[in-house]
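**Student:** Could you work out the structure for the sequence below:
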Amino acid sequence: MVVDQQVAKGAKGEAWTGVRNFTARQNLVKMKKGDLAFFYHSNEGKEIVGIAEIIKEAYPDPTDKIGKFVCVDIKADKPLKTPVTMAAIKADKAPHRHGAGEIFAALVQLVTAEEWKMVCKMGGV
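**Tutor:** Numbering: from 1, shown residues only. Okay, here's the model as predicted:
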């Protein structure tokens, strides 16, 4: 599980590279040291499994051969007690700004404080 790999990396964390979406790039640039983010498994399970902390702000992504994209460094903060699936978010009746399907559409999507609280509550943290 990706969140377990991040926990094993400890305080040094690692670069979150490989994001190749222009909207996501804009959101990465907005992230500040100390901000929190959700770990979302986009390939396995399509669920939020933990919380990460931004430990280094946006800089050129070393894996980007064309030089248009950025990355941030992250470290694991804590796993969720219960993974939160997209289906569960869509089923939740709590009001929120985005349509539930849009919350993670870009993989790097800003969420409101209300959305953050909703997902944390659903995840047991």
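
**Student:** drop to CA atoms for contacts and neighbour counts, all remaining ones
**Tutor:** OK.

**Student:** Quick one: classify residue 33 as helix, strand or coil.
**Tutor:** coil (DSSP: H, G, I helix; E, B strand; the rest coil).

**Student:** just residue 45 next, same as before
**Tutor:** When classified by three-state DSSP, residue 45 comes out as coil.

**Student:** correct me, but it touches residue 85?
**Tutor:** Yes. With contact defined as C-alpha atoms under 8 Å, residue 45 reaches residue 85; the gap is 7.5 Å.

**Student:** out of the two, which sits in the busier spot?
**Tutor:** For residue 45 and residue 85, the more surrounded residue by other C-alpha atoms under 10 Å is residue 85, and the numbers stand at 19 against 13.

**Student:** is it true that that one touches residue 50?
**Tutor:** No. Using C-alpha under 8 Å, residue 85 makes no contact with residue 50, being 11.9 Å away.

**Student:** Next, name the residue at the spatial heart of the protein.
**Tutor:** The chain has residue 38 as the residue nearest its centroid, 3.6 Å off, counting by C-alpha atoms, centre = their mean.

**Student:** And the strands in the protein?
**Tutor:** Under the criterion DSSP state E, strands of the chain are mapped to 14-16, 36-41, 47-60, 70-85.
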